[in-house]
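In: no sequence on this one, just coordinates:
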């Protein structure tokens, strides 16, 4: 059972790494080719939602950053 959970954790980690790489590639392609896939616009919408939430948005963003740094 423990080995199965460890294997699942490894797979989820690999999927997360793949998603991060795809976002970075999307940003680079967006910069070079005028945001063809809309990645930069999507990130802008997400950041504006954090900003619109006021202090709660800033606090949640800080928690996400701290959570990411622990990995």
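Out: The structure has been received and is ready for your questions. Everything numeric here is computed off the predicted structure, so don't read it as measured data. Residues are numbered from 1 along each chain as shown.

In: the spatially most central residue of the chain is in what secondary structure piece?
Out: Most central in the chain under C-alpha atoms, centre = their mean is residue 20, positioned 6.3 Å from the mean C-alpha point. Under the criterion of DSSP states H and E, residue 20 resides in helix 2-32.

In: ok, back up a step: next one: the residue nearest to the centre of the chain from residue 27, what distance?
Out: Look at residue 20 and residue 27: by C-beta to C-beta, to the nearest Å, they are 11 Å apart. Yep, even glycine has a C-beta here, placed from its N, CA and C like the rest.

In: before we move on, the earlier item: and the helix holding residue 20, how far out from the chain middle?
Out: The chain centroid and the centroid of helix 2-32 are separated by 9 Å under C-alpha atoms, centre = their mean, to the nearest Å.

In: got the contact list for the following helix or strand past that helix?
Out: Remark: after helix 2-32, the chain's next helix or strand is helix 39-52, criterion DSSP H and E. Contact partners of helix 39-52, identified using C-beta atoms under 8 Å, 6 or more residues apart in numbering, comprise 23, 26, 27, 29, 30, 31, 35, 57, 58, 60, 61.

In: quick revisit: show me what the helix holding residue 20 is packed against.
Out: If you count contacts as 3 or more C-beta pairs under 8 Å, 6 or more residues apart in numbering; DSSP states H and E, helix 2-32 packs onto helix 39-52.

In: next, the angle from the helix it packs on to helix 2-32.
Out: Angle of helix 39-52 versus helix 2-32, following axes from the mean of the first three to the mean of the last three C-alpha atoms, to 10 degrees, is 110 degrees.

In: which parts of helix 39-52 are buried?
Out: 39, 40 (16 or more other C-beta atoms under 10 Å).

In: need the next SSE after it, C-terminal direction.
Out: Next along from helix 39-52, by DSSP H and E: helix 55-70.
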